[in-house]
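Student: Got a predicted structure here, sequence first:
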Amino acid sequence: MTEESMWHPVALQEDLRDTPLAARLLGHDLVLWCDDGGRIQAWTDRCPHRGARLSLGRVVGQRLQCPYHGWQFDAQGQCQRVPALPDFRPPSSHCAMTHEACTRYGLIWVRLKTPSVSSWPPPEFAAEGSGLRLLNCGPYDVATSAPRVVENFLDMAHFGFVHDGWLGAAEQPEVEPYEVQDTPTGVRAMGCKAWQPRSNLHSIAPAQVAYAYEVTGPYSAVLTKEPEAGSTAIEGWQEAIGLFVCPLTDESCRVWFRLAVADFKTSDEALRAFQHTIFTQDQPVLQSQQPRRLPLGARRELHTGADRLSVAYRRYLQRLGITHGVC
């Protein structure tokens, strides 16, 4: 199965309104639009007539109209009207290139090619049905490959340096041994621990925090974290964070986070601000890494026991035969 036959997030569902929305995936320009029946369409952002961007056009009922000559395409991509020739009945060859689209977790997902055999659905986020409060953060455009972002999300050894005073402390950088397992859809790490001065928005004291990580797809992962009792102002604090990355090109990506928290009072803005602080600490370091594509195979980069999960993630990408964003 290739990356083009996998589902990828391309936009927030709330950003698609009455006008077409441009997006990008795996080096392909897309146009997203919603017909008057509420169905989301994802097409190649190119009119087959003279190559204009359909995302500059407009929605007319059940059709998308090209901005250049007004050609109108129905929800199946078939041209139904050429204004310059009112009596012309366009043949089946006069059509836009369409792709599959769906919604999940407040995001629009697209796959460029339909696989010949069954494929995974969009990656799971188990906290979706947990009763916790859910909200999205992002997008963040990052000048590095999607796998680099995922690997950073799985890495605890950087906490004390990139997130000193927040998720770690430079004077306590140790990473205790933890267990890594392969799963049907990725890899999982259990028994992870980190000492954190401020593990979440409501921290009132430094705490030892229990982490669990799961890679749910080549460009997605989930972490859950539980600080020790008495270190958080909200009793029974629970938190899960989903990472969903859209590979724009081999060396650039767009990132969203899906938060699930036991907090029903704090404003969305405050919850997002904490996550924003953490990720914008990561971002300049991510963009500094060379090469931007994640190196796979032996002797490309050095590893230690603290990189156990990162190494497992790289092996998982190799097993899948991932080629986009790696080298």
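Tutor: Looks like it came in fine.
Student: Can you classify Q287 as helix, strand or coil?
Tutor: Under DSSP: H, G, I helix; E, B strand; the rest coil, the three-state class of Q287 is helix.
Student: How much space separates it from A143?
Tutor: From Q287 across to A143, the span is 5 Å (CB to CB, to the nearest Å). All C-beta atoms are positioned from the backbone trio N, CA, C, and that covers glycine.
Student: ok, now L26?
Tutor: 17 Å.
Student: higher neighbour count, these two?
Tutor: L26 (21 against 15; other CB atoms under 10 Å).
Student: The helix or strand harbouring D182: which residues count as buried?
Tutor: For D182, the enclosing helix or strand under DSSP states H and E is strand 179-183. Buried residues in strand 179-183, counted by 16 or more other CB atoms under 10 Å: V180.
Student: same thing with stretch 207-221?
Tutor: Applying 16+ other CB under 10 Å to stretch 207-221 flags 207, 209, 211-221 as buried.
Student: For these, work out which two are farthest apart.
Tutor: Between any two of the buried residues of stretch 207-221, the greatest separation by CB to CB is 32.3 Å, found for A207 and P218.
Student: my read is L271 is in a helix, agree?
Tutor: Yes: the assignment for L271 (three-state DSSP) places it in a helix.
Student: Hmm, A262 and it touching each other?
Tutor: No: contact criterion CB atoms under 8 Å: L271 and A262 do not qualify, at 11.6 Å.
Student: Can you tell me the SS state at the residue lying farthest from the centre of the chain?
Tutor: In the chain, D87 marks the outermost C-alpha relative to the chain mean, sitting 45.5 Å out by CA atoms, centre = their mean. Under three-state DSSP, D87 falls in the coil class.
Student: separation between it and S55?
Tutor: On the measure of CB to CB, D87 and S55 end up 29 Å apart.
Student: Repeat that for L248.
Tutor: From L248 to S55 the distance is 15 Å (CB to CB).
Student: Please apply the same query to G236.
Tutor: Distance from G236 to S55, by CB to CB: 46 Å.
Student: quick one, which of these two is more surrounded?
Tutor: More neighbours surround S55 than the other of G236 and S55, with 20 against 8 (other CB under 10 Å).
Student: Tell me which residues touch that one, please.
Tutor: By CB atoms under 8 Å, 6 or more residues apart in numbering, the residues touching S55 are P20, L21, A22, D29, V31, D45.
Student: So it, which state does it fall into?
Tutor: helix.
Student: who touches V31 in this structure?
Tutor: Listed by CB under 8 Å, 6+ apart, the contact set of V31 reads P20, L21, A22, A23, A42, W43, T44, D45, R53, L54, S55, L64.
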